[in-house]
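[1] A predicted structure for the sequence below; I have some questions about it.
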Amino acid sequence: MRMSINFQQLSEKELIEAYGDLLKELKSRKIIKGKNVIGDLAEWMVINHYNSTSGLPTLSAAPPGTIDFDAIGKNGKRYSIKATSGQVTGSFFGLPAPSEPQTQFNPKFDYVIIVKFDTDYRLEKIAEISWEQFLALRKWLPRQNAYNLNVSQKLLAQAKIVFSHS
(Lines give C-alpha, C1' and ligand atoms only; values in the text may rest on other atoms or scores of the structure.)
Protein backbone atom coordinates (compact mmCIF):
# COMPACT_ATOMS: atom_id res chain seq x y z
CA MET A 1 0.00 0.00 0.00
CA ARG A 2 1.41 3.36 -1.05
CA MET A 3 1.00 6.22 1.39
CA SER A 4 -0.09 9.48 -0.16
CA ILE A 5 0.81 12.89 1.21
CA ASN A 6 -1.02 15.91 -0.11
CA PHE A 7 1.94 18.20 -0.75
CA GLN A 8 -0.35 20.81 -2.27
CA GLN A 9 -1.70 21.58 1.20
CA LEU A 10 1.78 22.44 2.48
CA SER A 11 3.25 25.92 2.37
CA GLU A 12 6.58 26.34 0.58
CA LYS A 13 8.35 26.44 3.95
CA GLU A 14 6.58 23.27 5.14
CA LEU A 15 7.35 21.54 1.85
CA ILE A 16 11.07 22.31 2.15
CA GLU A 17 11.06 21.17 5.78
CA ALA A 18 9.28 17.95 4.77
CA TYR A 19 12.04 17.30 2.22
CA GLY A 20 14.67 17.81 4.92
CA ASP A 21 12.79 15.47 7.26
CA LEU A 22 12.54 12.86 4.50
CA LEU A 23 16.29 13.03 3.82
CA LYS A 24 17.03 12.73 7.54
CA GLU A 25 14.80 9.64 7.80
CA LEU A 26 16.29 8.05 4.67
CA LYS A 27 19.78 8.54 6.16
CA SER A 28 18.75 7.16 9.55
CA ARG A 29 17.45 4.02 7.81
CA LYS A 30 20.69 3.82 5.81
CA ILE A 31 18.82 4.07 2.50
CA ILE A 32 20.93 7.05 1.47
CA LYS A 33 24.44 7.87 2.62
CA GLY A 34 25.20 11.34 1.36
CA LYS A 35 24.20 14.06 -1.07
CA ASN A 36 23.82 11.86 -4.15
CA VAL A 37 20.23 10.99 -3.30
CA ILE A 38 19.27 9.33 -6.61
CA GLY A 39 22.52 7.36 -6.79
CA ASP A 40 22.16 6.21 -3.19
CA LEU A 41 18.52 5.23 -3.76
CA ALA A 42 19.54 3.22 -6.81
CA GLU A 43 22.24 1.38 -4.88
CA TRP A 44 19.84 0.57 -2.04
CA MET A 45 17.13 -0.62 -4.48
CA VAL A 46 19.57 -2.81 -6.41
CA ILE A 47 21.06 -4.45 -3.32
CA ASN A 48 17.60 -5.13 -1.88
CA HIS A 49 16.24 -6.44 -5.19
CA TYR A 50 19.20 -8.74 -5.81
CA ASN A 51 19.18 -10.04 -2.24
CA SER A 52 15.46 -10.79 -2.29
CA THR A 53 15.29 -12.37 -5.76
CA SER A 54 16.26 -16.00 -6.20
CA GLY A 55 18.67 -16.60 -9.04
CA LEU A 56 20.43 -13.26 -8.54
CA PRO A 57 23.70 -12.94 -6.63
CA THR A 58 23.67 -11.72 -3.05
CA LEU A 59 25.18 -8.22 -2.92
CA SER A 60 26.54 -5.98 -0.22
CA ALA A 61 27.50 -2.32 -0.44
CA ALA A 62 31.14 -1.65 -1.21
CA PRO A 63 33.09 -0.11 1.68
CA PRO A 64 32.91 3.71 1.94
CA GLY A 65 35.44 5.41 -0.29
CA THR A 66 35.56 2.57 -2.82
CA ILE A 67 36.20 3.88 -6.32
CA ASP A 68 34.81 2.34 -9.54
CA PHE A 69 32.20 -0.01 -8.07
CA ASP A 70 29.33 0.23 -5.59
CA ALA A 71 28.51 -3.34 -4.58
CA ILE A 72 30.28 -6.65 -4.16
CA GLY A 73 28.66 -10.02 -4.71
CA LYS A 74 29.20 -13.05 -2.53
CA ASN A 75 30.41 -14.47 -5.84
CA GLY A 76 33.37 -12.02 -5.63
CA LYS A 77 32.15 -9.94 -8.57
CA ARG A 78 32.19 -6.13 -8.49
CA TYR A 79 29.12 -4.15 -9.57
CA SER A 80 29.04 -0.51 -10.68
CA ILE A 81 25.54 0.89 -10.17
CA LYS A 82 24.34 3.85 -12.26
CA ALA A 83 20.98 5.61 -11.97
CA THR A 84 19.21 7.63 -14.63
CA SER A 85 15.81 9.15 -15.26
CA GLY A 86 16.84 10.00 -18.81
CA GLN A 87 18.68 8.22 -21.58
CA VAL A 88 22.29 8.36 -20.34
CA THR A 89 24.06 7.13 -17.24
CA GLY A 90 26.48 8.97 -15.04
CA SER A 91 30.14 9.01 -15.96
CA PHE A 92 32.74 6.27 -15.70
CA PHE A 93 36.15 7.78 -14.95
CA GLY A 94 39.68 6.39 -14.93
CA LEU A 95 39.60 4.52 -18.23
CA PRO A 96 41.89 5.27 -21.19
CA ALA A 97 40.59 7.76 -23.73
CA PRO A 98 39.86 6.40 -27.23
CA SER A 99 43.06 8.09 -28.44
CA GLU A 100 45.13 6.15 -25.88
CA PRO A 101 46.24 2.54 -26.29
CA GLN A 102 43.33 0.23 -25.50
CA THR A 103 45.54 -2.73 -24.77
CA GLN A 104 44.70 -4.97 -21.87
CA PHE A 105 43.92 -3.03 -18.73
CA ASN A 106 42.42 -4.31 -15.54
CA PRO A 107 38.63 -4.16 -15.46
CA LYS A 108 37.32 -1.55 -13.00
CA PHE A 109 34.26 -3.74 -12.30
CA ASP A 110 32.68 -6.94 -13.55
CA TYR A 111 29.15 -5.66 -14.23
CA VAL A 112 27.25 -2.42 -14.64
CA ILE A 113 23.76 -2.31 -13.18
CA ILE A 114 21.62 0.44 -14.68
CA VAL A 115 18.68 1.65 -12.63
CA LYS A 116 16.16 3.43 -14.86
CA PHE A 117 13.70 5.71 -13.11
CA ASP A 118 10.70 7.26 -14.85
CA THR A 119 10.23 11.04 -14.90
CA ASP A 120 8.56 10.85 -11.46
CA TYR A 121 11.56 8.88 -10.08
CA ARG A 122 9.66 5.64 -9.73
CA LEU A 123 11.61 2.49 -10.50
CA GLU A 124 11.08 1.51 -14.13
CA LYS A 125 13.84 -1.00 -14.90
CA ILE A 126 17.00 -2.62 -13.59
CA ALA A 127 19.35 -3.87 -16.29
CA GLU A 128 22.73 -5.57 -16.00
CA ILE A 129 25.57 -5.69 -18.52
CA SER A 130 29.01 -7.28 -18.33
CA TRP A 131 32.37 -5.49 -18.46
CA GLU A 132 32.78 -6.68 -22.06
CA GLN A 133 29.36 -5.29 -23.03
CA PHE A 134 30.24 -2.02 -21.28
CA LEU A 135 33.43 -1.73 -23.35
CA ALA A 136 31.46 -2.27 -26.57
CA LEU A 137 28.61 0.14 -25.68
CA ARG A 138 30.39 2.99 -23.87
CA LYS A 139 30.46 6.52 -25.29
CA TRP A 140 33.39 8.92 -24.82
CA LEU A 141 32.75 12.33 -23.24
CA PRO A 142 35.81 14.43 -24.15
CA ARG A 143 34.94 17.41 -21.93
CA GLN A 144 34.67 15.12 -18.89
CA ASN A 145 37.51 12.80 -19.89
CA ALA A 146 35.15 9.92 -19.09
CA TYR A 147 32.66 7.49 -20.61
CA ASN A 148 28.92 6.99 -20.14
CA LEU A 149 26.28 4.64 -21.49
CA ASN A 150 23.32 5.53 -23.67
CA VAL A 151 20.35 3.59 -22.27
CA SER A 152 19.14 2.71 -25.76
CA GLN A 153 17.08 -0.14 -27.17
CA LYS A 154 20.38 -1.62 -28.38
CA LEU A 155 21.78 -1.67 -24.83
CA LEU A 156 18.55 -2.97 -23.30
CA ALA A 157 18.31 -5.72 -25.95
CA GLN A 158 21.78 -6.97 -24.90
CA ALA A 159 21.27 -6.49 -21.17
CA LYS A 160 19.99 -8.93 -18.61
CA ILE A 161 16.76 -7.28 -17.40
CA VAL A 162 16.45 -8.15 -13.71
CA PHE A 163 13.42 -5.91 -13.03
CA SER A 164 10.87 -4.24 -15.29
CA HIS A 165 7.78 -2.35 -14.22
CA SER A 166 5.27 -3.30 -16.91
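    Cool, the structure landed. Residues are numbered from 1 along each chain as shown.
[2] From here on, just use CA atoms for contacts and neighbour counts.
    OK.
[3] Return, as residue ranges, the portions of this protein with sub-threshold pLDDT.
    Low-confidence segments of the chain, defined by pLDDT under 70, are located at 1-2, 104, 166.
[4] show me where it has strands.
    59-61, 71-73, 78-84, 111-117, 123-130, 139-141, 146-148, 160-164 (DSSP state E).
[5] what packs against the longest one?
    With contacts defined as 3 or more Cα pairs under 8 Å, 6 or more residues apart in numbering; DSSP states H and E, the secondary structure elements packing on strand 123-130 are strand 111-117, strand 160-164.
[6] Adding mean neighbour count and distance to Gly20, write those out as a markdown table.
    Below are the helices and strands packed on strand 123-130 laid out as a markdown table (neighbours: other Cα atoms under 10 Å; distance: least, Cα to Cα, whole Å):
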| stretch | mean neighbour count | distance to Gly20 |
| --- | --- | --- |
| strand 111-117 | 23 | 22 |
| strand 160-164 | 15 | 30 |
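[7] possible to save those strands as a markdown table with distance to Leu15?
    Output for the helices and strands packed on strand 123-130, formatted as a markdown table (distance: least, Cα to Cα, whole Å):
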| stretch | distance to Leu15 |
| --- | --- |
| strand 111-117 | 23 |
| strand 160-164 | 31 |
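[8] circling back: got JSON lines for the strands of the chain, with distance to Ser28 too?
    As requested, those are arranged in JSON lines below (distance: least, Cα to Cα, whole Å):
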{"stretch": "strand 59-61", "distance to Ser28": "16"}
{"stretch": "strand 71-73", "distance to Ser28": "20"}
{"stretch": "strand 78-84", "distance to Ser28": "22"}
{"stretch": "strand 111-117", "distance to Ser28": "23"}
{"stretch": "strand 123-130", "distance to Ser28": "22"}
{"stretch": "strand 139-141", "distance to Ser28": "36"}
{"stretch": "strand 146-148", "distance to Ser28": "31"}
{"stretch": "strand 160-164", "distance to Ser28": "27"}
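[9] I'd like to know which of the ones you listed lies nearest to Ile16.
    Evaluated with Cα to Cα, the strands of the chain place strand 111-117 nearest to Ile16, the distance being 22.7 Å.
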